[in-house]
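> 3D model of this:
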Amino acid sequence: MKNYTAEHVFALGYRAAADALTAALASGFDPAGDPERTFTSIGTGEFLTMPSRVGDDAGIKILTLAPHNPDKSLPFIQGTYLLCDSQTLTPHSLVDGIALTALRTPAVAIAAARPALRAIAAHVTRRPNVVAFGAGVQGEGLVRALADECGSGGVGFDALGSVTYAVRSPENVSESALAVGAGGSAGDVGTVKAGSDACRAAVEAADVIVCASAAKEAVFDDAWVQPHAAVLAVGAHTPQTREVPAETMGRARVIVEDQAVALRENGDVVRAIADGSLTEGAPISMNSLLGEETAAKVETSAPSSPTVVTTVGMSWQDLVVAAAVARHANGNASFRKSCED
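The predicted structure is shown next:
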């Protein structure tokens, strides 16, 4: 049994993970057939299981959710990914489940947002300003994923412009998040208090808005959002929560992982529909967006309305990225040795 650690996972990188997800859709895989994830209560918490099969790969992510763990100085969420042979379902590898989620989530948003990001680069700016609601693992991860896109040349960005973290406690933003601009990948990196006048100014100047918070209500006003802005939202993963205003959802091109999943689990979508701002048929699935287009296709028209990419996570995404982690590590001699030790 091979073991792929967090170091192996992050060595793959956000860009390569997004490429792997795009390639899976381009190969003909349809996420609509992905098994639903299951939550099983065991008294002290829950097991979350996410099985899938994509092409020659099969596997299952197993997470534990223990709400009392933080009181014991233990993580609330722990877990692992079990990779298997797709024909015999024989287990052959373990992948760090927490690191996998941290890499997969931004990669999914980036893969879905690439057409919109290309349009911004082609018609608005090659140095986009970014505002991120949330500076935790996912907020920082999405900003770093955007910075990685600048180095690829694929979406047309030269570098990030300003990066602003909008949070409730700016003094608590980590040095790691503030260092996202190291090496020239971004301009000024700073913080503002969420909901403040400075926050409004940051959103009004933003070309890309990242939403990775624990908010239950919208984190910005629709009137602040530029017509061309791309919104990448990953925090509304229950029907009761939202990060994006219903008004923005109503005038935006909304991209989701899968329509059925979005209507069942995505609070940004569910609540915008309940408010009458969005119709059930309006969201565009990643499969219809990327399954028929290549990653290199550039949108030629200038953006006239925002794009909202809102995701909750699906089993196939973890499998695709876990398999990519294993292949990347096995192609690197030093990593290959470390995962076998």
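> what is the mean pLDDT for the helix ranked longest in the chain?
Criterion DSSP state H: the longest helix present in the chain is helix 97-123. The pLDDT scores in helix 97-123 average 96.
> buried sites along it?
97-122 (16 or more other C-beta atoms under 10 Å). C-beta: built from backbone N, CA, C; applies to glycine.
> stretch 304-321 now?
306-321.
> helices - which of the residues you listed land there?
Those of the buried residues of stretch 304-321 lying in helices (DSSP H): 315-321.
> check these and tell me the two furthest apart.
S315 and V321 (11.3 Å; C-beta to C-beta).
> for the nearest residue to R251 once chain neighbours are set aside, give me its contacts.
Of all residues beyond its chain neighbours, the one nearest R251 is S305 (5.5 Å), with distances taken as C-beta to C-beta, 6 or more residues apart in numbering. S305 makes contact with 227, 251-253 under the criterion C-beta atoms under 8 Å, 6 or more residues apart in numbering.
> if any of those are buried, put those into a PyMOL selection.
Typed into PyMOL, the next command selects the buried ones out of the contacts of S305 (criterion: 16+ other C-beta under 10 Å):
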select buried, resi 251+252+253
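> tell me which of the contacts of S305 fall in strands.
R253 (DSSP state E).
> now, which of the ones in helices among the buried residues of stretch 304-321 sits nearest E140?
V321 (17.9 Å).
> OK, contacts around the closest one?
12, 17, 20-21, 100, 103-104, 107.
> go through those and name the one nearest T5.
Closest to T5, out of all of the contacts of V321 and judged by C-beta to C-beta, is L100, at 10.7 Å.
> so which residues of the stretch 201-341 of the chain form helices?
Listed in chain order, the helices of the stretch 201-341 of the chain (DSSP state H, counting those that start in this stretch) span 246-251, 259-265, 267-274, 286-290, 315-330, 333-340.
> dump these into JSON lines; add distance to P75 as well.
Conversion of these to JSON lines gives the following (distance: least, C-beta to C-beta, whole Å):
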{"stretch": "helix 246-251", "distance to P75": "33"}
{"stretch": "helix 259-265", "distance to P75": "23"}
{"stretch": "helix 267-274", "distance to P75": "24"}
{"stretch": "helix 286-290", "distance to P75": "29"}
{"stretch": "helix 315-330", "distance to P75": "18"}
{"stretch": "helix 333-340", "distance to P75": "22"}
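> closest one to L82 among these?
helix 315-330 (8.9 Å).
> buried ones in the helix or strand hosting Q138?
Here Q138 sits within helix 137-152, counting by DSSP states H and E. Neighbour counts over helix 137-152 (16+ other C-beta under 10 Å) mark 137-150 as buried.
> so in that sheet, which strands flank the following helix or strand past that helix, and in what orientation?
As assigned by DSSP H and E, the chain's next helix or strand after helix 137-152 is strand 163-167. Here strand 163-167 is paired, per DSSP bridges, with strand 130-133 (parallel), strand 189-193 (parallel).
> now E247: closest residue in space, sequence neighbours ignored.
Take E247 and drop its neighbours on the chain: the residue closest to it by C-beta to C-beta, 6+ apart is D222, 3.7 Å away.
> please verify my assumption that the one you found contacts A229.
No. With contact defined as C-beta atoms under 8 Å, D222 does not reach A229; the gap is 10.8 Å.
> more neighbours: which of those two?
Between D222 and A229, A229 has the larger neighbour count (other C-beta atoms under 10 Å), namely 26 against 17.
> quick one, what contacts that one?
206-209, 306-307.
> export these to JSON lines and tack on pLDDT?
Listed next are these as JSON lines, based on pLDDT from 0 to 100:
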{"residue": "A206", "pLDDT": "98"}
{"residue": "D207", "pLDDT": "98"}
{"residue": "V208", "pLDDT": "98"}
{"residue": "I209", "pLDDT": "98"}
{"residue": "P306", "pLDDT": "97"}
{"residue": "T307", "pLDDT": "97"}
